[in-house]
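S.K.: below: sequence and its predicted model.
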Amino acid sequence: MLLISILGMLYLLTDPVFTTSQHNVDGQTLQAPTKNLAGVNTFPNGLSPSNRSLIPLNGLTIGASEVRCHARYGLTPNIDDCWNAIHYVQRSEIEVTFAERDTSPGPRIFRLPFRLMGDKAQCYFQPVLEVGERTGSASFNEIRTAAAALISQCGIGAGQGGIASHIGGDDHLALVLGTYQPNIKCSGTLTSWASCRDILSGMPAMPGHVTLGPSTDPPFQVTLPKTLSSDDNKCHMKIWTSDGFGDSTTWYKIWEVVTAVYSVCARHAQGGSFSRFGDIGRLSITLSDSLTVEEA
């Protein structure tokens, strides 16, 4: 089902969109750091992205959490886009639960994968579960603090992405700062960006490879064009191939692409497309409020 329930209260003024579990980022399972650091350092409000780069880096930690930087999460993050991503995390001390995608919806439950990106989709924050856990709890204030620490210590201090572990009351969550290279074009208008967000909440996001292509013999696993629609039929995601040949990728990477288009275009009431992705580069995706989208 594409509609995730009971998110309205948490999205009243802002719009977080995160991802994935078990420290799995782009097909890699990552072990959480085990050595803790001490001390707390938070950021003053109201600093512009350019001024925030001047915040001292020494001794920056987030409670009992550890921040560890590594190139596997990406190099030279767009710092302004990272700060912009934090802008979409509401200020709240209410604890919410992040859970595996097959978890039943409920009050204050966010099903993974779940990703927050800046308006350029070049920097993202991704809550992940500690290895072996199926749920983890934290407030959005704790997410914001961890994200700011990652920007300062890893994005600015080390010029790369990183991970902050042991976030929240049960120590089951970690947060990743990562980079992304989108190929997006916005066009047209959307009547309901929230409907597109619901597609993200319910679409497949499995890591296993699938083949996608036109109806041929032998058949592809996913026949193109393929459309996923929101329950209210106000937003439609269409996967297609421009040259009539097939390609392969994972549903997780398709989900990443849709998240990026949502962040750059749909969140600002525009339709959008992402072209030349997939293992060969033949796939494109459009996000729009119409089922008849020009494939260009």
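M.R.: Cool, the structure landed. Residues are numbered from 1 along each chain as shown.
S.K.: check Pro16 and give its pLDDT.
M.R.: pLDDT, Pro16: 36.
S.K.: for the stretch 1-150 of the chain, which segments count as strands?
M.R.: Chain-ordered strands for the stretch 1-150 of the chain, with DSSP state E, counting those that start in this stretch as the definition, fall at 24-25, 28-29, 66-69, 95-99, 109-111, 116-117, 123-129, 135-139.
S.K.: can I get these in CSV with distance to Ser229 and mean pLDDT?
M.R.: To be clear about C-beta, it is placed using only N, CA and C from the backbone, and glycine gets the same treatment. Rendered in CSV, the data for those read as follows (distance: least, CB to CB, whole Å; pLDDT from 0 to 100):
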stretch, distance to Ser229, mean pLDDT
strand 24-25, 27, 48
strand 28-29, 32, 35
strand 66-69, 40, 95
strand 95-99, 25, 94
strand 109-111, 19, 87
strand 116-117, 22, 97
strand 123-129, 25, 97
strand 135-139, 29, 95
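S.K.: and these: which comes nearest Leu150?
M.R.: Evaluated over those, closeness to Leu150 peaks at strand 66-69, with 6.1 Å, by CB to CB.
S.K.: run a quick check on Gly74 versus Gln160, I expect a contact.
M.R.: Yes. A contact is recorded between Gly74 and Gln160 when judged using CB atoms under 8 Å, the distance being 6.6 Å.
S.K.: the two: who's more crowded?
M.R.: Each of Gly74 and Gln160 has its neighbours counted (other CB atoms under 10 Å); Gly74 has more, 25 against 19.
S.K.: with respect to Pro219, which of the strands of the stretch 1-150 of the chain lies nearest?
M.R.: The stretch from the strands of the stretch 1-150 of the chain with the least distance to Pro219 (CB to CB) is strand 24-25; that distance is 28.7 Å.
S.K.: still on that earlier bit, shared neighbours of Gly74 and Gln160, which are they?
M.R.: Residues within reach of Gly74 and of Gln160 at once, by CB atoms under 8 Å, 6 or more residues apart in numbering: there are none.
S.K.: enumerate the positions of stretch 164-184 that are buried.
M.R.: By neighbour count, and taking 16 or more other CB atoms under 10 Å as the criterion, the buried residues in stretch 164-184 are 164-168, 171-180, 182, 184.
S.K.: ok, now stretch 241-257?
M.R.: Residues 241, 246-257 are the ones in stretch 241-257 that count as buried (16+ other CB under 10 Å).
S.K.: in helices only, show me the buried residues of stretch 164-184.
M.R.: With DSSP state H as the criterion, helices contain none of those.
S.K.: tell me the helix or strand right after the helix ranked longest in the chain.
M.R.: Across the chain, the helix with the greatest residue count (assigned by DSSP H) is helix 251-264. Elements were assigned by DSSP states H and E; along the chain past helix 251-264, the next helix or strand is strand 271-277.
S.K.: please name every helix or strand in contact with the following helix or strand past that next one.
M.R.: Scanning forward in sequence from strand 271-277, with DSSP H and E defining helices and strands, the next element found is strand 283-288. If contacts are counted by 3 or more CB pairs under 8 Å, 6 or more residues apart in numbering; DSSP states H and E, strand 283-288 sits against strand 236-241, helix 251-264, strand 271-277.
S.K.: turn those into JSON lines, including distance to Cys154 and mean pLDDT.
M.R.: Converted to JSON lines, those look like this (distance: least, CB to CB, whole Å; pLDDT from 0 to 100):
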{"stretch": "strand 236-241", "distance to Cys154": "32", "mean pLDDT": "95"}
{"stretch": "helix 251-264", "distance to Cys154": "20", "mean pLDDT": "98"}
{"stretch": "strand 271-277", "distance to Cys154": "26", "mean pLDDT": "96"}
